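Q: coords please:
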Amino acid sequence: MGMGREGARGKERGGGRYPEASGSGVSAAVEITRNDVDAFRDGVVALPRPFKVLLIGHQFQVPSEGQAKAAALSKFSDLAVHVLCPERYREAEVRWRSALEPRSPGYSFGTTPVQNAWCGPAKWYLQWYPGFREKLLALKPDVIDLWEEPWNLLSAQISGVCARFLPACRLISETEQNISKRLPIPFEWFRTQTLRRAAYVVARNREALAVTRSKGYTGPARVVGNGVDTRLFRPLDRALCRQSAGVHGFVVGYAGRLVEEKGLLTLLRAFRQIKGARFLFLSGEGPLLEQLLQEPFVKWAGALPREKLPWFYNALDVLVLPSLTTVSWKEQFGRVLVEAQACGTPVVGSNSGAIPEVVGEAGLVFPENDDFALRAALERLRSEKGLCEFFARAGRQQVDRLYSWEAIAGQMREIYFQLCPKLGRGC
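A: Predicted structure coming up:
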């Protein structure tokens, strides 16, 4: 499994407190009483030890997603963090992605072969890890944080193996699905089994939590958002970014898939009504690209890799996410919103799915598919400089508080210790 590199472990400190967390300013102290010391001397119990966490999911293949979460968690000296991800994974229908070895991580990192990494119309939901039982019994984690939907075969496999071979291990199931629907066989059964065995559910948005409850889950749960790397996504020299992008005037941007359900035709209709010097600056790829480029005010930056997106966001006056709800999909988070906010760029989003709760008080929300309301929101931001400055500050502050990877790690650590408060004492 390749999990030889242990995360940072705490050391006993003076004053009767052990251990303390590093980073995020969150105390991870565990009180040690005189009875504890006497019991340890008599061989009854062991002193508290680092909490062993196993993070599983395809997101841990790359630095900007799961590996950033693992790195933030590893800064807590009372956590020993381990990662297991697939060697190869079909991210979408058009390309495969291989796991990247993290550079000097404070956690152990392992990859595993995958069976059915992509399986026809079932996509990646029939993947499973051969040999997982042996890996689990070798590591014996206190908790497994599984970043895969509960109806995935992998979720059913891991929850089943844990229940049978390591029942003391707590399983956290993470979910983003915010539309309640009856899944075909065998996926509904996978979800039922996973939720029945899960000790905790982490939902990416409030609607996803409601869907989980509607499927019979009655245990503890919490909404924890997606994370963003605030060292990468940060304010830059905006004038220089605009100059290098070749845009000027009022610059509105969109990043993501260039498809109808993302509301790009609504954005196009709204932008046609705006007068004066302006650019609609786009990053991404998809079937609408050719149609969008027919407009004289549209400029395409290409399908930018994540490390180039801060330059893109800093060239904008405002980022728009105009998503539309369909029968089978609605916005589950909208990561581009928090990436833009981290760069100090105001955001406007439709009221599709989780967008309003992610925008919060740090941006504007309009009714989806309403180009007149979208145009009014854009015109307001164009004319009210003070409002733009307010949203720029509020957005960055909101990201630091809720969506930085350090903030996400702090929220997840609270969940781990909620599941197992008596660290090292029969957990």
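
Q: Going by C-alpha atoms from here, please, whenever you check contacts or count neighbours.
A: Will do.

Q: Note down every partner strand of the strand or helix carrying residue 348 and its orientation.
A: Secondary structure assigned from DSSP states H and E places residue 348 in strand 347-350. Here strand 347-350 is paired, per DSSP bridges, with strand 318-321 (parallel), strand 364-366 (parallel).

Q: Which helix or strand lies directly C-terminal to that strand?
A: Defined by DSSP H and E, the subsequent element after strand 347-350 is helix 355-359.

Q: now what about that following helix, what contacts it?
A: 205, 331, 332, 333, 334, 337, 338, 347, 348, 349, 350, 365 (C-alpha atoms under 8 Å, 6 or more residues apart in numbering).

Q: let's see 7 Å
A: 331, 333, 334, 349, 365 (C-alpha atoms under 7 Å, 6 or more residues apart in numbering).

Q: Equivalent analysis for stretch 136-144, please.
A: For stretch 136-144, contacts defined as C-alpha under 7 Å, 6+ apart pick out 51, 52, 53, 54, 55, 169, 170, 171, 172.

Q: now that stretch: how far from the chain's centre is it?
A: Distance of stretch 136-144 from the chain centroid (C-alpha atoms, centre = their mean, to the nearest Å) equals 23 Å.

Q: start to end distance for that stretch?
A: Stretch 136-144 has an end-to-end distance of 10 Å (C-alpha to C-alpha, to the nearest Å).

Q: One more: stretch 337-348?
A: Terminal residues of stretch 337-348 are spaced 8 Å apart (C-alpha to C-alpha).

Q: Same check on stretch 80-97?
A: End-to-end distance (C-alpha to C-alpha), stretch 80-97: 27 Å.

Q: Buried ones in that stretch, by neighbour count?
A: Neighbour-count burial for stretch 80-97, counted by 16 or more other C-alpha atoms under 10 Å, picks out 80, 81, 82, 83, 84, 85, 86, 87, 88, 89, 90, 91.

Q: Identify the structural domains in the chain and state their residue ranges.
A: With domains defined by automatic domain parsing, the chain comprises 14-227+405-419, 238-402.

Q: Which of the ones you listed has the lowest mean pLDDT?
A: Ranked by mean pLDDT, these bottom out at domain 14-227+405-419, with a mean of 84.

Q: Distance from that one to the middle of the chain?
A: 13 Å.

Q: Residue numbering should commence at 24 henceforth.
A: Done: numbering now begins at 24, and the last item shifts to domain 37-250+428-442.

Q: all helices of the stretch 74-223 of the chain, in order?
A: Applying DSSP state H, counting those that start in this stretch to the stretch 74-223 of the chain gives helices spanning 89-97, 155-162, 176-188, 210-220.
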